[in-house]
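[1] Sharing a sequence plus its predicted fold:
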Protein chains: 2
Amino acid sequence: MNAEIITIGDEILIGQIVDTNSVWIANELNSIGINVIRKSSVSDSKSEIIKAIDYAKNSADIILLTGGLGPTNDDCTKDALADYYKVELIENSDVLNHISELINKRSGFLNQRNINQAKVPSNCKVIQNSVGTAPGMWFNDGDKTIISMPGVPFEMKEMMSKFILPELKKANTNDYIIHKLVLTQGLPESKLAETIESWENNLPEEIKLAYLPSPGIIKLRLSARGTNQKYLQTQISKQINLLQEIIPDYICGYDSEQLEDVIAKLLLTKGITLSIAESCTGGYISHLITSISGSSAYFKGSIIAYSNEIKENILNISKSNLEAYGAVSKQVVEEMAIHVRELFDTDFSIATSGIAGPTGGSQEKPVGTIWIAIADKNGVISLKYVFGDDRLRNIQRASLTALNMLQKRVNGKKM
Amino acid sequence: MNAEIITIGDEILIGQIVDTNSVWIANELNSIGINVIRKSSVSDSKSEIIKAIDYAKNSADIILLTGGLGPTNDDCTKDALADYYKVELIENSDVLNHISELINKRSGFLNQRNINQAKVPSNCKVIQNSVGTAPGMWFNDGDKTIISMPGVPFEMKEMMSKFILPELKKANTNDYIIHKLVLTQGLPESKLAETIESWENNLPEEIKLAYLPSPGIIKLRLSARGTNQKYLQTQISKQINLLQEIIPDYICGYDSEQLEDVIAKLLLTKGITLSIAESCTGGYISHLITSISGSSAYFKGSIIAYSNEIKENILNISKSNLEAYGAVSKQVVEEMAIHVRELFDTDFSIATSGIAGPTGGSQEKPVGTIWIAIADKNGVISLKYVFGDDRLRNIQRASLTALNMLQKRVNGKKM
């Protein structure tokens, strides 16, 4: 079965809010085997809403609307639906009772706007809104299903979870879609595609592959679709195993994991402690590490040595190295890693030094040149990278690359 | 002029990513007086893309596509456009040169996939992608304009800002929408709304107000629409002046400024240096500060003292204070600020210590309790905040609150 999601509201079209409702709905529909073929957003206008429903009916079996059900003048989804079906709005007594109770509990007074919220198109089945005042509406329209929900996220989610998804699942018992995400780090998109080309070309027909690039991490998404859930699961596992053999050094996690989650698990399991000396990454690696709850079990702390003075005075980087090679050099980044590890008394350490840009580059060391070092009890290893011109992306890519280097080093993989 | 934004990609329809591209585009189009009447998202499918363009042409003058221009097999926007216009894909030598240069700089090898990226439909005008390999495309189609851009946000934004928006503005000189953003920090949304209520109720008819809340910062957007740009500008300025009188202590910046930009200007102008001692914020304040190019002129560095051991050994926090009051206390956070300022020899310093959560709270110090201190040559001042339960939001709110405290302290405002 195919679905279209229509979100309604001027605030979406003028770029005032990020639409997370449709993301959540798409995910949930997907998990019960319903294919979302289109999403659209229209303004709070009766004619636009009607046009959107009409167009969606060309290709979708199920049309889910959110928004435009509030008590204020700009909300007109209910009127649009009544017009569309050429029916009247009639007061629903169950809904009115529920609204009265809710308003009472909030110590408010029932006004005309609240009473109007209890009116619904006469041909709809009401979906109770247990956490708000705007009822949902379900329309059986020939072989199509049209569902209208509030735009308030937690009201919409409550309605979807309690009533709509179970109902839709009953009508769609035979389709399954299974997704698996593979996180890769260290290969640019086109190089990754080239490396796994023959694997990709030999994927079974029921599995589709997608590349989802972001700064520092490229996710591969395998999606299997069919009627036999167990079979699909097996097929996905088989392909993941094959992929692991092709790019073992570049896979750094699965599914909704971030690289920092992978690091967390790894350091916790092995009882390893970590410290960091950051120059060009300016605290971003420390932020990624401490974004994980419980990171204090393995992360002791960092020194952000942004100026050379701090590199010398706090991290004890030798003046001669700074002068001879500059702060962005193998010599300095390795000293940074060794010294912070000693100073903080940790098992492993990370250090970064580079030119994040957009200014500060030279012919010899262009913007984007970044040295990263990992130290442990066996010594130190460092690598030079040349990223791009964008400051924030360079910081992100360097940070994720550093985390991946740490992961490889702890796991004894080659860099 | 009316526009439709079409985002392309399976990842949008299966709910894997939140579409922030279209939010940004809608905002930018709005600011040059172009009305977004519809947004839609379709899958990486030639027929769906073609159908979407066809439908959009019914009501939009300008159609902006993002996504599906990558080098991998799932990307098919270019093929869809070539099919739609019944033209061939031809190699564009400028684009190929640019791609070669870019790949060279990244020490990669030009492969067939890269070369294919230089092919574009023969009837399009190429839009150079200065920060990536996928070119943008501009189609003049009767009285309609169709523009295709990469889905990678910073590539799309670069193209829009440098080329597309200026071109579209040339063709749309009569409508003006002027937006002015006011950044506020320190008042929750409902309290802010209450404080400025009578100002809001007296806004002239042509100015609309919107509240845009985010962790730590609430932006107020004033939008004025009309044909007389100068008049609109004057009206906005007048209202901003009135607002400044009502909430002088809570306004911390304007327009696309971030609080870290405001800090940058302030410290640079006054020739002030800064160091930071972070515990619960884990590097995020340092990251915000160093996300600004040129921050090395005023920022010397930080100590992320995540464990008590580091607080004692590196920041010299007295064991007796740590034992008597705990790390999350006025005594410890003030010592942290004083010591890091001395250690790094800076004019000002910031320190944070708190419970970011979601675990680690107690009855006396619940999750979200965060102490922030600012030290300068005159001494140290600290404040306790109690934020919410969400770890990342607590980190963000504490960091922005710390920056705002710094700003107030430097400006001699009351906290």
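    Received it, and whenever you're ready, just let me know what you need.

[2] I would like the residues contacting stretch A:304-322, please.
    Around stretch A:304-322, the neighbours that count as contacts under C-beta atoms under 8 Å, 6 or more residues apart in numbering or on different chains are A:277-279, A:282-283, A:286, A:303, A:327, A:329, A:331-332, A:335-336, A:339-340, A:343, B:276, B:283, B:286, B:290, B:295-296, B:299-304, B:343-345. Every C-beta, even on glycine, is put in place using the N, C-alpha and C of the backbone.

[3] Could you pick out the buried ones from those residues?
    In the contacts of stretch A:304-322, burial by neighbour count holds for A:277-279, A:282-283, A:286, A:303, A:327, A:329, A:331-332, A:335-336, A:339-340, A:343, B:276, B:283, B:286, B:290, B:295-296, B:299-304, B:343-344, counting by 16 or more other C-beta atoms under 10 Å in any protein chain shown.

[4] Just those: which are in helices?
    Assigned to helices by DSSP state H, the following of the buried ones among the contacts of stretch A:304-322 qualify: A:286, A:331, A:332, A:335, A:336, A:339, A:340, A:343, B:286, B:290, B:343, B:344.

[5] mind checking how far the nearest residue to the fourth one once chain neighbours are set aside is from residue A:337?
    Once flanking residues are discounted, residue A:335 sits nearest to residue A:317: 5.1 Å by C-beta to C-beta, 6 or more residues apart in numbering or on different chains. In this structure, residue A:317 and residue A:337 are separated by 11 Å, where distance is defined by C-beta to C-beta, to the nearest Å.

[6] Which one's more surrounded, those two?
    For residue A:317 versus residue A:337, neighbours defined as other C-beta atoms under 10 Å in any protein chain shown are more numerous around residue A:337 (30 against 24).

[7] thinking that one is in contact with residue A:351, fair?
    Yes: A contact is recorded between residue A:337 and residue A:351 when judged using C-beta atoms under 8 Å, the distance being 3.7 Å.

[8] Tell me the residues that contact both of those two, please.
    When C-beta under 8 Å, 6+ apart defines a contact, the residues bordering residue A:337 and residue A:351 alike are A:277, A:373, A:375.

[9] Who are the contact partners of the residue nearest to the last one when sequence neighbours are not counted?
    Right, residue A:375. Using C-beta to C-beta, 6+ apart and skipping residues adjacent in sequence, the residue nearest residue A:375 is residue A:337, 3.8 Å away. Under the criterion of C-beta under 8 Å, 6+ apart, the contact list for residue A:337 reads A:277, A:349, A:350, A:351, A:373, A:374, A:375, A:380, A:382.

[10] so what's the spatially closest residue to residue A:21 that is not a sequence neighbour scoring on pLDDT?
    Here the nearest residue to residue A:21 in space, its sequence neighbours aside, is residue A:66; by C-beta to C-beta, 6+ apart that works out to 5.2 Å. At residue A:66, the predicted lDDT confidence score is 97.

[11] Residue A:317 too?
    The predicted structure scores residue A:317 at 97 on the pLDDT scale.

[12] residues contacting residue A:44?
    If a contact means C-beta under 8 Å, 6+ apart, then residue A:44 has A:8, A:9, A:10, A:67, A:68, A:74, A:75, A:76, A:77 as its contacts.

[13] one more time with 7 Å, if that's ok
    A:8, A:9, A:10, A:68, A:74, A:75, A:76 (C-beta atoms under 7 Å, 6 or more residues apart in numbering or on different chains).

[14] Looking at those residues, state which has the most neighbours.
    In terms of neighbour count, residue A:68 stands highest of the contacts of residue A:44 at 28 neighbours, by other C-beta under 10 Å.

[15] Would you verify that that one is located in a strand?
    No: membership of residue A:68 in a strand is not supported by DSSP: H, G, I helix; E, B strand; the rest coil, which gives coil.
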